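Novice: pasted the sequence and its predicted model underneath.
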Amino acid sequence: MADSPVAQVNEEHTNGEREPKRRRSAPPPLDLVPTAPAVPEITIDVSEDGDVLLVVTSGWVKRDTAGFRCSSAALSLASPVFKAILATPIATPLPQPPATDSTFTFACTTPSAEVGKLVPLREPDSDALVIILNIIHFKTLYLPARLAPDKLLHVGTLAAKYQCVDAISRACTPWFDNIYAANLRDDTATMVQAAYHLNDAVFFTRFTNRYILSAPRPLKAGATSQSDDNIAGALRLRHIAAEASLRFDIDLLLELCAAALGKESKHYIDCPPDTDPDPAPAGSDPAVICAVDSQAAPSYLAAMRDAELWPPSAWAKHEIGDVVERIREFRLPEYDDCDKCDFCLPLTEAFEAKLKLVRKLQKDRLWGLCLDCFKARGVFQGTCRVEHVKVGSAAA
């Protein structure tokens, strides 16, 4: 009974004064010593001569623990976060493992000798961490040929967390390329996030281009359920700008028809506009108004209507990419303007030239976002990794 805590407390009260109430109710001092990491269920040698054991606990419901033997030099060189972790007391000396069923062997046989460090980590997706560790240690042979979009997003998020994007981004290019070639629209927003976290400017632009061109109209509020608010907001603004650019392109075609039907183009045959013809000789036919322009313009409008390019309400609910494709496949109507006079508008030639101009503008246009300009929150003053026309440079 004397060994129990209750007996000891009673003994103290009988031999001395009662402790103050505030002191008795005070919480015990915090234990700042890090808790001993869990023993890994399996151990994987990422680096055969590594001196660091990353003990990773993954999973939300069922927690699995795995150890990854790594090189502290490779981790420190690739990630300043890992470099800081290895320099803190949380990185404890590796214990001497038993001689059986352990993948670790040490040259030193003294249990007290510091032969490495053990670092506990808590990551829900340990597979993404394994991919990053293999890239950092140049174990490209163990990298998968293809990666699912969600998994690539996890890799990018984890790389941004440990600040090792520069070390692994180039190795992720084949995975981006395979996913982009698959052309899965449901994964476009996920890949925008992945390209942003991995700082891949080329695929960030490609996937944002695809997102803008294939997004339903009206555009939804967010890109994905886990979308970054800044990216989602920038995509909404870019979609609005893309609609305005598309209206401008179609207006370039419509203004020719409007000019042909306008009062300024009305004229008599072989007579300039706003000029009355000379009086006709007696017995001859009176001067008539030239109908070439007024008949050609409706034929072009009808062709645009049949292609659902005009009026604007015809393509209001279509995807922007669908409208761009219709302009690309638009065929000029066949109209014989052999009866035109010298004062008729060259509508056939002008419409064809404007159509070529619109197609070129749409081909060269940046429909999506530039990663460098997006991170600069405006126009990047240097040279962007993706070439495009900037508002500042165009105005200059």
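Specialist: That came through, no problem. Numbers count the residues shown, from 1 in each chain.

Novice: beyond the host helix or strand of residue 127, next helix or strand please.
Specialist: Taking DSSP states H and E as the criterion, the element that holds residue 127 is helix 126-136. Helices and strands here follow DSSP H and E; after helix 126-136, the next one along the chain is helix 149-161.

Novice: assumed residue 317 was part of a helix.
Specialist: No - Residue 317 sits outside any helix when classified using DSSP: H, G, I helix; E, B strand; the rest coil, being coil.

Novice: report how many residues lie close to it.
Specialist: 10 (other C-beta atoms under 10 Å). C-beta: built from backbone N, CA, C; applies to glycine.

Novice: for the protein, which spans come out with low pLDDT?
Specialist: In the prediction, the chain carries residues with pLDDT under 70 at positions 1-39, 59-63, 89-115, 218-229, 283, 392-396.

Novice: the helix holding residue 127 - contacts with which helices or strands?
Specialist: Contact analysis of helix 126-136 by 3 or more C-beta pairs under 8 Å, 6 or more residues apart in numbering; DSSP states H and E lists strand 52-58, strand 64-70, helix 72-78, helix 149-161, helix 165-168 as its packing neighbours.

Novice: put together JSON lines for the ones you listed, with mean neighbour count on each row.
Specialist: Output for the helices and strands packed on helix 126-136, formatted as JSON lines (neighbours: other C-beta atoms under 10 Å):
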{"stretch": "strand 52-58", "mean neighbour count": "22"}
{"stretch": "strand 64-70", "mean neighbour count": "20"}
{"stretch": "helix 72-78", "mean neighbour count": "19"}
{"stretch": "helix 149-161", "mean neighbour count": "21"}
{"stretch": "helix 165-168", "mean neighbour count": "18"}
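
Novice: between these, which gets nearest to residue 234?
Specialist: helix 149-161 (17.7 Å; C-beta to C-beta).

Novice: buried residues in the strand or helix carrying residue 299?
Specialist: Assessed by DSSP H and E, residue 299 sits inside helix 292-306. Of the residues in helix 292-306, those with enough neighbours to count as buried (16 or more other C-beta atoms under 10 Å) are 292-293, 296-297, 299-301, 303-304.

Novice: can you tell me the closest non-neighbouring residue to residue 373?
Specialist: residue 380 (4.6 Å; C-beta to C-beta, 6 or more residues apart in numbering).

Novice: actually, residue 54.
Specialist: Nearest in space to residue 54, with sequence neighbours left out and distances taken as C-beta to C-beta, 6+ apart, is residue 68 at 4.5 Å.

Novice: isn't that neighbour right up against residue 133?
Specialist: Yes - counting by C-beta atoms under 8 Å, residue 133 is a contact partner of residue 68 at 5.9 Å.

Novice: need the overlap of contacts for those two.
Specialist: Overlap of the contact sets of residue 68 and residue 133 (by C-beta atoms under 8 Å, 6 or more residues apart in numbering) consists of 46, 54.

Novice: host element of residue 381?
Specialist: Applying DSSP H and E, one finds residue 381 in no helix or strand.

Novice: neighbours around residue 378, how many?
Specialist: Around residue 378 there are 11 other residues, counting by other C-beta under 10 Å.

Novice: what secondary structure does it sit in?
Specialist: In the three-state summary, residue 378 is assigned as coil, counting by three-state DSSP.

Novice: quick one: it from residue 387, how far?
Specialist: Taking C-beta to C-beta, to the nearest Å as the measure, residue 378 and residue 387 are separated by 18 Å.

Novice: quick one: contacts of the helix holding residue 299?
Specialist: Among residues not part of helix 292-306, those counted as contacts by C-beta under 8 Å, 6+ apart are 250, 253-254, 256-258, 260-261, 265-266, 310-311, 314, 330-333, 335, 337, 339-341, 344-345, 347-348, 351.

Novice: what of stretch 349-362?
Specialist: 249-250, 252-253, 256-257, 300, 324, 327-328, 330, 332.

Novice: give me that answer again for 7 Å
Specialist: Around stretch 349-362, the neighbours that count as contacts under C-beta atoms under 7 Å, 6 or more residues apart in numbering are 249, 252-253, 256, 300, 324, 327-328, 330, 332.
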